[in-house]
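# Need coordinates for the following:
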Amino acid sequence: QVQLVESGGGLVQPGGSLRLSCAASGFTFSSYAMNWYRQAPGKERELVAAISTGGGSTNYADSVKGRFTISRDDAKSTVYLQMSSLKPEDTAVYCCNAKLLMWSYWGQGTQVTVSS
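Numbering: from 1, shown residues only. Sure thing, here's the model as predicted:
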């Protein structure tokens, strides 16, 4: 059974940091590119960060470049999103996604709220 389980969300003050984790099981994690998406209330889902198989290539949305870092640990079947210098506009539900050709798996998401 395929599972993607996110953790690490919560309430943080502007300027603070959080690290999100997404633990995968039920498929060959190392063969999949991994992505982090977010969706804020009333807004479309946005691709925040992506990492290739092996971790050699990463891409970021312009809105998070220089503040967020995506990484993966294939031995632990886990992908991370380190978020720093958080802003209120980063408030959203963050979901991880595993993608390989026509196969695409999603987690349930974790809420990140940036507020003073």
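# Against Pro14, how distant is Ala50?
Remark: distance between Ala50 and Pro14 (Cβ to Cβ, to the nearest Å) = 26 Å. Heads up, the C-betas are built off the backbone N, CA and C, glycines and all.
# got a list of what the nearest residue to Ala40 once chain neighbours are set aside touches?
Closest residue to Ala40 apart from its sequence neighbours, by Cβ to Cβ, 6 or more residues apart in numbering: Ala92 at 4.1 Å. By Cβ atoms under 8 Å, 6 or more residues apart in numbering, the contact set of Ala92 is 38-40, 43, 46, 111-112.
# Go through those residues and give me the one with the most neighbours.
Arg38 (24 neighbours; other Cβ atoms under 10 Å).
# which residues touch that residue?
If you count contacts by Cβ under 8 Å, 6+ apart, then Arg38 has 45-46, 48, 90, 92-95, 112 around it.
# at 7 Å what do you get?
Taking Cβ atoms under 7 Å, 6 or more residues apart in numbering as the contact definition, Arg38 lies against 46, 48, 92-94.
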